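Colleague: What follows is a predicted protein model with its sequence.
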Amino acid sequence: MEIKVISVNISEEKGTIKKPVDFIEINEKGVVGDAHAGYWNRQISLLATESMEKFGKEANREFIPGEFAENITTTGVALHVTRPLDRFVIGETEMEVTQIGKRCHGDGCAIYREVGNCVMPKEGIFCRTIKNGKIKPGDEIQYLPRVMRIYLLTLSDRASRGEYEDRSGPRTAELVKEFFRQNGYESIIETEIIPDDAVELRQKLVEAGNKKFDVVFTTGGTGIGPRDITPDVTRTLLDKEIPGIMEQIRLKYGQDKPNVLLSRAVAGVMGSTLVFNMPGSVRAIQEYTTEIFKSIKHMIYMLHGLDLH
């Protein structure tokens with residue numbers, strides 16, 4: 001089914017329906033002349049006609065474009081199943097999804113007062129401008145789902161020489177792939193094995209940052225042995241360290257397994273890339289990822305300037 005724009009709509013005041021117009025112009029603040037334009041995450045609102053029609057049947061009345069205060073009325077795509085950081089190319093413009101749904105205003109919403117419900121808080125989405133331009137009814141919409149790029153780096157002298165089968169890297173890849181799949185994101189995972197060498201590790205981390213991977217996981221080299229250098233090298237490249245995650249992991253699992261407390265793993269931000277050290281055992285990978293996954297999506301959103309509390 002073709003994905004396209006059905007209507008473009010503007011209002012000069014908040015809290016009112018938007019009126020269809022011949023075209024809208026998108027700039028760095030959102031829709032020019034619209035009351036909701038500004039330097040924030042909800043610059044442009046979109047709602048699918050499919051959502052409007054479904055809600056219309058429940059409310060036993062028809063709704064017209066702009067009545068839910070959406071800037072762009074679409075057809076052919078289930079907007080509410082998109083995810084933050086997905087993108088749309090419409091005509092000469094490009095926009096990025098920043099929020100799915102919103103808080104219901106209750107009695108402050110005219111439709112809620114009329115029918116006791118509203119579809120916008122559940123199935124409307126919000127975007128911010130990536131590329132300026134004009135949008136008009138009939139424009140085709142290109143949907144570009146966000147693909148998370150992950151780099152997994154195993155540090156092991158023996159595995160790098162082929163004397164030992166690396167199991168931590170493949171297990172991490174399985175867990176990471178499944179986590180992002182369950183959260184609606186595709187992921188591309190690159191893996192590599194290097195010896196416990198500080199110079200090579202530094203080079204690989206710098207390259208990963210330059211390539212703007214979303215997340216880097218390292219496995220191995222977090223202990224206190226003479227060749228354990230992963231945290232020492234990683235820390236020198238971090239712009240911001242995130243100590244709480246690793247402290248939580250050491251405290252949680254160290255209560256029953258004191259050896260867990262010997263891990264010196266660090267986490268942090270390197271440019272726009274998250275970096276997490278993990279020990280080399282498969283069991284530790286399970287424990288570390290369990291805790292990291294609890295907040296990694298929020299961390300990625302924060303790095304992209306999305307405040308989705």
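Modeller: Alright, I've got the coordinates.
Colleague: Quick one: name whatever helix or strand follows the worst-scoring helix or strand of the chain on mean pLDDT.
Modeller: Averaged element by element with mean pLDDT, DSSP states H and E, the chain has its least confident helix or strand at helix 110-115 (a mean of 70). Scanning forward in sequence from helix 110-115 by DSSP states H and E, the next helix or strand is helix 120-123.
Colleague: tell me the mean pLDDT for that following helix?
Modeller: Averaging pLDDT along helix 120-123 gives 90.
Colleague: And the contacts of it?
Modeller: Residues from elsewhere that reach helix 120-123, judged by C-beta atoms under 8 Å, 6 or more residues apart in numbering: 45, 47-48, 51, 55, 68-70, 79-80, 101-104, 109. Yep, even glycine has a C-beta here, placed from its N, CA and C like the rest.
Colleague: Who are the packing partners of the following helix or strand past it?
Modeller: Past helix 120-123, further along toward the C-terminus, the next helix or strand under DSSP H and E is strand 125-131. Counting by 3 or more C-beta pairs under 8 Å, 6 or more residues apart in numbering; DSSP states H and E, the packing neighbours recorded for strand 125-131 are strand 24-27, strand 44-48, strand 93-100.
Colleague: just these: most buried one?
Modeller: Burial of the helices and strands packed on strand 125-131 is given as mean neighbour count (mean count of other C-beta atoms under 10 Å); strand 44-48 ranks first at a mean of 26.
Colleague: Off-centre distance for that one?
Modeller: 19 Å (C-alpha atoms, centre = their mean, to the nearest Å).
Colleague: How are the helices of the stretch 51-200 of the chain distributed by residue range?
Modeller: Using DSSP state H, counting those that start in this stretch, the helices found in the stretch 51-200 of the chain span residues 110-115, 120-123, 157-160, 168-182, 198-210.
Colleague: can you list the ones you listed in JSON lines and add distance to residue 230 and mean neighbour count?
Modeller: Below are these laid out as JSON lines (distance: least, C-beta to C-beta, whole Å; neighbours: other C-beta atoms under 10 Å):
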{"stretch": "helix 110-115", "distance to residue 230": "54", "mean neighbour count": "15"}
{"stretch": "helix 120-123", "distance to residue 230": "44", "mean neighbour count": "19"}
{"stretch": "helix 157-160", "distance to residue 230": "13", "mean neighbour count": "16"}
{"stretch": "helix 168-182", "distance to residue 230": "12", "mean neighbour count": "18"}
{"stretch": "helix 198-210", "distance to residue 230": "7", "mean neighbour count": "16"}
